[in-house]
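**Q** Here is a sequence with its predicted model. Questions after.
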Amino acid sequence: MEMIADRLNELRAAMPNHVLLSTSILLILGYFLGKLSAAFRLPEITGYIIAGFILGDSALGIIHPEASKSLQIVTDVALGLIALTIGGEFLVTKLRRMGSEVVILTASQIFLTLVVVTFSLWLLQLPLPFALMLGAIATATAPAATVAVVQSLRAHGPFVDRLYGIVALDDAGAVIIFGVIFSIVSGMLAGGIGGAGVGASALGGHNVGAGGAAVIFGAFKEVFLSIIIGATAGWVIHALTHRKNHSGELTIIVLGWVFLLTAISLVFHLSPILSNIAAGMTIINLSPRNHRIFRNLEPLTPPIYALFFAIAGTKLNPSIFAQKDILIYGMVFIAARAFGKISGVWSGAVLAKSQANVRRYLGICMLPQAGVAIGLVLMIQTSPIVALLDSEQRSIITIMVNIILLSVFFNELSGPPLSKMAIVKALDMEENSGEGLKS
């Protein structure tokens, strides 16, 4: 028994130096716990996160923090592929078909959620740069849960059409908003603006003068350059693939350029999310045939995403939830996000003159939150800007990660039942009032 224990300790000590060991055990345990989560009608990513938690420092301690750092490349690749796929949803002809109503509803709930969450956390004396980042992350929605509910109900009609339209646009809009805000906030923090910690002045000595203006200008320049290099990479991918028919060749070309684009963005302190979104948008709008590029990537994404969320689980520290401040921030974040989503859809529906069932119930369907939100907060935690922060500011980043994980856990459990109730009531209104026929 002592010999076995010694060998296990040797294996544990080898984890940080052997990425393959960490990767294999995270994937294997993540697979089984993902299937177990699905059996309980929970998203599979719940199982991946739990697998990471079990193997992380907060539980068994098999995956050291050093091992998590060595797996950073997985986070970078996953975020690049997620952003590229989101960019692929921005087909101009598709947006035209959706019409102005869906665009207004999406923009309204994203904007109001950003404002309400940011302002609520700022009132709790969270420094403004960090409150802004959490506000941006709050705008993201998990479409998979809501779509699964719609499919289980075999629902259809004008309400469902609008719901699908918003779901298609929401995460894309959220990621773009986050990319812009993160670029601006990174410049603020690097320039020494908004540097106070929790409990200090909420603005952290926010002295915006000529230097502050220069920082903000630099942030917008970063956004502009990210979009330019992304669009250029998208054009190159199109040029290299439009006459290729072999799926293997397509995959090699696309992955090579996505990796290169992500690496260039990181090296030059640009936004890998914005650059990959721009690449995806460029690819999909240059030719209808480019849909095959995104279809080709689909078989590659499950293991990358599974590992991505398992790594997120290794960073989960439940003991921090026992802290009063974390619980308060978490509850305020969840409540403010729900208010922003529901009231945002309602106000957008009033502006767009939508049907009554859209005003009353569609916002409730936007509450689930999962993968994109976790990805965005992980991007913050692993960003080079963290190295420039002091210890108190880095502790706020840790708090942010746990706030998002708490929100995801809560909303993935409560969101689907609430969505089902809202869809059923909306369809009843549609059927009883004949609104579906009028649309």
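**A** Here it is on my side, so go on.

**Q** count of neighbours near the residue nearest to Phe159 when sequence neighbours are not counted?
**A** Closest residue to Phe159 apart from its sequence neighbours, by C-beta to C-beta, 6 or more residues apart in numbering: Ala426 at 4.7 Å. All C-beta spots, glycine's among them, are computed from the backbone N, C-alpha and C. Neighbour count of Ala426, defined by other C-beta atoms under 10 Å: 28.

**Q** Now do the longest helix along the chain: distance to the chain's middle.
**A** In the chain, with assignment by DSSP state H, the single longest helix is helix 391-433. Remark: helix 391-433 is offset 13 Å from the chain centroid, using C-alpha atoms, centre = their mean, to the nearest Å.

**Q** List the buried residues for stretch 330-343?
**A** By neighbour count with 16 or more other C-beta atoms under 10 Å, stretch 330-343 contains the buried residues 330, 332-334, 336-343.

**Q** Show me what the longest helix of the chain is packed against.
**A** Counting contacts by 3 or more C-beta pairs under 8 Å, 6 or more residues apart in numbering; DSSP states H and E, helix 391-433 packs against helix 44-55, helix 128-138, helix 143-153, helix 158-190, helix 324-352, helix 356-361, helix 371-381.

**Q** so the fourth one versus helix 128-138, what angle?
**A** If you take axes from the mean of the first three to the mean of the last three C-alpha atoms, to 10 degrees, helix 158-190 sits at 160 degrees to helix 128-138.

**Q** Just want the angle from helix 158-190 to helix 391-433.
**A** Using the same axes, to 10 degrees: helix 158-190 against helix 391-433 is 170 degrees.

**Q** Now do Ser347 against Gly340, distance only.
**A** Computed with C-beta to C-beta, to the nearest Å, the distance linking Ser347 and Gly340 is 10 Å.

**Q** can you check Ile227 too?
**A** 27 Å.

**Q** Repeat that for Gly375.
**A** 20 Å.

**Q** ok, Leu114 - how many residues close by?
**A** Neighbours of Leu114 under the rule other C-beta under 10 Å: 24.

**Q** Could you do Phe32 as well?
**A** Neighbours of Phe32 (other C-beta under 10 Å): 11.

**Q** Figure out the helix or strand that it lives in.
**A** helix 19-39 (DSSP states H and E).

**Q** any idea of the angle that helix forms with helix 391-433?
**A** Using the same axes, to 10 degrees: helix 19-39 against helix 391-433 is 30 degrees.

**Q** helices and strands around helix 19-39, which ones?
**A** By 3+ C-beta pairs under 8 Å, 6+ apart, helix 19-39 packs against helix 44-55, helix 65-70, helix 301-314.

**Q** so which of these is the most packed in?
**A** For those, the largest average neighbour count (mean count of other C-beta atoms under 10 Å) is found in helix 44-55, namely a mean of 25.

**Q** Now for Leu260, which secondary structure element holds it?
**A** helix 247-267.

**Q** For that helix, give the mean pLDDT please.
**A** For helix 247-267, the mean per-residue pLDDT is 89.

**Q** Name the residues of it that are buried.
**A** Buried residues in helix 247-267 (16+ other C-beta under 10 Å): 250-251, 253-255, 257-258, 261-262, 264-266.

**Q** And the contacts of it?
**A** Helix 247-267 is contacted by residues 76-77, 79-81, 84, 226, 229-230, 233, 236-237, 240-241, 244, 270-272, 275-276, 279, 292-293, 296-297, 300, 384 when judged by C-beta atoms under 8 Å, 6 or more residues apart in numbering.

**Q** as a whole number, average confidence for the longest helix of the chain?
**A** pLDDT averaged over helix 391-433 gives 76.

**Q** circling back to that earlier point, who touches both of Ser347 and Gly340?
**A** Leu112.

**Q** what's the spacing between Tyr361 and Leu367?
**A** 12 Å.

**Q** Repeat that for His242.
**A** In terms of C-beta to C-beta, His242 sits 41 Å off from Leu367.

**Q** quick one: which of those two has more around it?
**A** Remark: of His242 and Leu367, Leu367 carries more neighbours, 24 against 13, as counted by other C-beta under 10 Å.

**Q** Spatially, what comes nearest to the more buried one if we skip its sequence neighbours?
**A** Gly415 (4.5 Å).

**Q** can you list the domains in the chain?
**A** The record's domain parsing of the chain by automatic domain parsing lists 1-70, 71-438.

**Q** out of those, deepest packed?
**A** Greatest average neighbour count among the domains of the chain goes to domain 71-438 (a mean of 20), per mean count of other C-beta under 10 Å.

**Q** For the spatially most central residue of the chain, which non-adjacent residue is closest in space?
**A** Most central in the chain under C-alpha atoms, centre = their mean is Val372, positioned 1.9 Å from the mean C-alpha point. Nearest-residue entry for Val372: Ala140, 4.3 Å, with adjacent residues in sequence omitted and distances by C-beta to C-beta, 6+ apart.
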